[in-house]
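Peer 1: One predicted model, sequence on top.
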Amino acid sequence: FFGENSTTIVLGGAEVEKETRNKRKKFMLSAFETALGDRGTGGSALTVKCRLFQRGEGWASLQSFQIQDEGTLRERYTLKRPESEDIVVTRIFR
């Protein structure tokens with residue numbers, strides 16, 4: 001259904017070590033839910049966190065999904081790097 005290179009993760013489970021497709025790099029993967037009521041948006045967001053530990057401390061990517069009040073899906077991708085500003089890409093699906 002999702003292709004040959006799909007990765008599954010348990011929401012709220014422990015961080016697990018995974019490998020890239022070509023098996024050259026490893027990373028730590030986890031998923032969690034965040035309540036957004038205190039941010040004025042209501043609801044919650046589901047986030048998949050990929051900690052890129054082989055690049056060094058502080059490297060991570062976060063991919064979050066939220067159904068907004070008007071029924072749209074907001075996907076936000078954040079790249080975190082040490083000593084640099086985050087790179088954030090937000091897409092809205094109607």
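Peer 2: Arrived safely, thanks for sending. Residues are numbered from 1 along each chain as shown.
Peer 1: Low-confidence regions, this protein specifically.
Peer 2: Scanning the chain for pLDDT under 70 picks out 1-3, 37-42.
Peer 1: residues contacting the residue nearest to K18 when sequence neighbours are not counted?
Peer 2: Nearest residue to K18, sequence neighbours excluded (Cβ to Cβ, 6 or more residues apart in numbering): L29, at 5.0 Å. C-betas here are computed from N, CA, C, even on glycine. Applying Cβ atoms under 8 Å, 6 or more residues apart in numbering to L29 gives the contacts 7, 9, 15-18, 48-51.
Peer 1: Filter the residues you listed down to the buried ones, PyMOL style.
Peer 2: Those of the contacts of L29 that count as buried under 16 or more other Cβ atoms under 10 Å are selected in PyMOL with:
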select buried, resi 9+48+49+50+51
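Peer 1: Of the contacts of L29, which is the nearest to F93?
Peer 2: Nearest to F93 among the contacts of L29 is V48, at 16.9 Å by Cβ to Cβ.
Peer 1: Buried residues, the strand or helix carrying the residue nearest to K18. List them.
Peer 2: Assigned by DSSP states H and E, L29 belongs to strand 26-35. Using 16+ other Cβ under 10 Å as the test for burial, strand 26-35 gives 27-31.
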